[in-house]
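J.: only geometry, no sequence info:
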């Protein structure tokens, strides 16, 4: 099975971009899923084609970053919730339907549809200005409550391109005209 995910990036990205799994650009997770077989490249193309209308409709929606929260086991993942917005919820629901129609398996069904809680995870970054790795400071790349975000980059990402679980690759990217 191919492990794929739909996200809405809030930082500039490019189609085909590859990044380490530990260094995601800031994003809102839309739906994570498995589909097809590991060697079935066409399933990602098929899913991207099915998702086109949903993505195009949602582009341009203005979102607002909400309060800080903690997700994951023992609340170990700091996040910012994204305030509810009809366009974001509709996009999520339509992408869930795309995945279902393509025979995909949603990995966290309890976090979909009525259980969907849009959020942006904080990303740890190391301050490289320190001269010693032992004293390098760790900061968070994050958004803040009240920040405005435009839904201008929706993407389909491969979570293990060519079976390599250490990297991610953007397979498809829908952008708002005039966006970065």
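T.: Okay, I see it. Just so we're clear, the structure is a prediction, and the values are computed from it rather than from any experiment.
J.: quick one: the helices in the chain?
T.: In the chain, the helices defined using DSSP state H lie at 41-58, 86-101.
J.: weakest of the ones you listed by average pLDDT?
T.: With a mean of 94, helix 41-58 has the lowest mean pLDDT of the helices of the chain.
J.: could I get the helices of the chain as a markdown table with mean neighbour count and distance to residue 17?
T.: The C-beta positions use only the backbone N, C-alpha and C, and glycine is treated the same way. Converted to a markdown table, the helices of the chain look like this (neighbours: other CB atoms under 10 Å; distance: least, CB to CB, whole Å):
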| stretch | mean neighbour count | distance to residue 17 |
| --- | --- | --- |
| helix 41-58 | 17 | 15 |
| helix 86-101 | 18 | 20 |
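J.: Tell me which of those approaches residue 27 most closely.
T.: helix 86-101 (12.7 Å; CB to CB).
J.: Check which helices and strands the closest one is in contact with.
T.: strand 2-9, strand 27-35, helix 41-58, strand 105-106 (3 or more CB pairs under 8 Å, 6 or more residues apart in numbering; DSSP states H and E).
J.: returning to that earlier point: between the helices of the chain, which one is nearest to residue 110?
T.: Here helix 86-101 is closest among the helices of the chain (CB to CB), at 12.5 Å.
J.: Contacts for the closest one, please.
T.: The contact list for helix 86-101 (CB atoms under 8 Å, 6 or more residues apart in numbering) reads 6, 8, 28, 30-31, 33, 35, 47, 50-51, 53-55, 57-58, 61, 63, 82, 106, 112-113, 116, 118, 151, 154.
J.: Quick one: end-to-end distance for stretch 24-43.
T.: End-to-end distance for stretch 24-43, by CA to CA, to the nearest Å: 23 Å.
J.: Check which residues of it are buried.
T.: 24-36, 43 (16 or more other CB atoms under 10 Å).
J.: Tabulate the residues you listed in TSV, adding columns for distance to residue 175.
T.: TSV is the format used below for the buried residues of stretch 24-43 (distance: CB to CB, whole Å):
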residue	distance to residue 175
24	18
25	14
26	16
27	14
28	15
29	18
30	15
31	19
32	21
33	22
34	26
35	23
36	25
43	23
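J.: from these, which two are the most distant?
T.: Most distant of these, by CB to CB, are 26 and 36, 28.2 Å apart.
J.: Ok, which of the helices of the chain comes nearest residue 167?
T.: That would be helix 41-58 among the helices of the chain, by CB to CB, at 15.5 Å.
J.: and the angle for the closest one with strand 2-9?
T.: 20 degrees (axes from the mean of the first three to the mean of the last three CA atoms, to 10 degrees).
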